[in-house]
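>>> Kindly return the folded structure for what I paste below:
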Amino acid sequence: QVQLVESGGGLVQAGGSLRLSCAASGRIFSSYAMGWFRQAPGKEREFVAAISWTGGSTYHADSVKGRFTISRDKAKNTVYLQMNSLRPEDTAVYYCASRTSGWGIDATAYDYWGQGTQVTVSS
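Predicted coordinates:
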């Protein structure tokens, strides 16, 4: 069992930055691939970024490429999402998730989810 707790969300002006954190508990966190997803009101949950269990491979959605960066610190059992140049369309609840095998963009393949953290970008 893995518990995930997101933090770092908030209200920011367009062009600003936020860093989201996802703290994990569970003995084998270090072997899980991790992902960030987001869901805006009235929209489907969408993939944002993923990182392999080694941290050596990452993938970012086209909509955030060049602005957001996923990373992980195995010693701290934490995954981060650095978000720069934020836009109003980035407003959503952001979720981190972990999966026990493979890695990628498919939300249905993730086994554990956090409760989410709200990010609001004002224009």
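>>> Residue 52 against residue 33, yeah?
Yes: proximity of residue 52 to residue 33 meets the contact threshold set by C-beta atoms under 8 Å, at 5.4 Å. Yep, even glycine has a C-beta here, placed from its N, CA and C like the rest.
>>> what sits in contact with each of these two?
By C-beta atoms under 8 Å, 6 or more residues apart in numbering, residue 52 and residue 33 have these common neighbours: residue 103.
>>> These two: which is more packed in?
Neighbours per residue (other C-beta atoms under 10 Å) separate residue 52 from residue 33, with residue 33 holding more: 23 against 16.
>>> Does the more buried one touch residue 103 like I think?
Yes: counting by C-beta under 8 Å, residue 103 is a contact partner of residue 33 at 3.3 Å.
>>> Bridged to the residue nearest to the spatial centre of the chain, which residues?
What sits nearest the mean C-alpha location of the chain, by C-alpha atoms, centre = their mean, is residue 36, with 2.4 Å. Beta-bridge pairing of residue 36 under DSSP bridges involves residue 49, residue 96.
>>> and the gap between it and residue 60?
According to C-beta to C-beta, to the nearest Å, residue 36 and residue 60 sit 9 Å apart.
>>> what do these two both touch?
Residues within reach of residue 36 and of residue 60 at once, by C-beta under 8 Å, 6+ apart, are 48, 49, 70.
>>> list the contacts for the residue lying closest to the first one once chain neighbours are set aside?
In space, not counting the residues next to it along the chain, residue 48 is nearest to residue 36; the distance is 4.2 Å by C-beta to C-beta, 6 or more residues apart in numbering. Residue 36 makes contact with 20, 22, 48, 49, 50, 70, 79, 81, 94, 95, 96, 97 under the criterion C-beta under 8 Å, 6+ apart.
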